[in-house]
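Undergrad: pasting a predicted model and its sequence here:
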Amino acid sequence: MEIHRYEKIWIAITISAVILMLAAISLASFGLGLQLPGVAGSVDPAKLAQTPPFDKPGVYQITEGKYQVVMVAFAWGYNPNEVRVPAGSRVTFKITSRDITHGIFIEKTNINLMILPGQISEASVTFKDPGEYLFLCHEYCGVGHQAMAGKIIVEPKP
Ligand code: CUA
């Protein structure tokens with residue numbers, strides 16, 4: 001088969017563009033370490049029950065006004081699915097999944113994380129105003145997806 005000279009040039013340009021793209025993606029992910037927001041480590045999803053802090057999910061006070069929420073997502077819910085903190089608290093969420101990919105979005109905040117099995121996701125937010133903040137799963141995860149939700153109750157300062 002005879003390939004025209006101009007055709008060969010275009011084939012070369014096309015292949016170069018693909019190689020350049022792959023090189024740029026590799027550089028971004030391995031060289032510059034770009035990744036999903038909030039990634040804070042890894043954990044074996046099959047051993048969460050034996051791995052601190054995920055062996056004891058819950059709400060922990062770190063210091064005055066600072067809390068850590070250790071959370072495990074699963075099909076189809078969150079443990080804990082209700083978090084209570086006083087207004088003005090700085091809350092750090094440490095979350096992983098024990099089964100499949102989920103997500104968490106907390107309304108009226110900038111918390112919006114992917115939750116992957118094997119990965120620890122972390123993000124912090126300060127809850128200034130008392131009230132209820134709904135959180136829900138934003139990654140389709142099966143028939144119970146639309147019911148996968150919980151709430152943060154921010155209580156007025158005593
Ligand atoms: Cu979990 Cu959708």
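TA: Alright, I've got the coordinates.
Undergrad: and the ligand, is stretch 143-150 touching that?
TA: Yes - using C-beta under 6 Å from any ligand atom, we find that stretch 143-150 touches the ligand at 145, 148. C-beta: built from backbone N, CA, C; applies to glycine.
Undergrad: what's in contact with that stretch?
TA: Here stretch 143-150 makes contact (C-beta atoms under 8 Å, 6 or more residues apart in numbering) with 73, 75-78, 80-83, 102, 134-137, 139, 141.
Undergrad: just the CA coordinates for it, please, in PDB.
TA: Extracted in PDB, the C-alpha atoms of stretch 143-150 (Å, rounded to 0.1, in the frame of the first residue of the first chain):
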ATOM      1  CA  VAL A 143     -29.900   1.100  44.500                       C
ATOM      2  CA  GLY A 144     -29.500   2.800  47.900                       C
ATOM      3  CA  HIS A 145     -27.500   5.700  46.700                       C
ATOM      4  CA  GLN A 146     -30.300   8.300  46.900                       C
ATOM      5  CA  ALA A 147     -30.900   7.400  50.600                       C
ATOM      6  CA  MET A 148     -27.200   7.700  51.600                       C
ATOM      7  CA  ALA A 149     -27.200  10.800  53.700                       C
ATOM      8  CA  GLY A 150     -26.700  12.200  57.200                       C
END
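Undergrad: quick one: pLDDT of residue 127?
TA: The model reports residue 127 with a pLDDT of 96.
Undergrad: an error on my part: the question was meant for residue 80.
TA: In this model, residue 80 is scored at 97, pLDDT.
Undergrad: and residue 34, by the same measure?
TA: 65.
Undergrad: picking that back up, which one of the contacts of stretch 143-150 is nearest residue 67?
TA: Nearest to residue 67 among these is residue 83, at 8.3 Å by C-beta to C-beta.
Undergrad: so which bits of the host helix or strand of the closest one are buried?
TA: According to DSSP states H and E, residue 83 maps onto strand 82-86. With burial defined by 16 or more other C-beta atoms under 10 Å, the residues of strand 82-86 counted as buried are 83, 85.
Undergrad: how far out from the middle of the chain is that strand?
TA: 20 Å (C-alpha atoms, centre = their mean, to the nearest Å).
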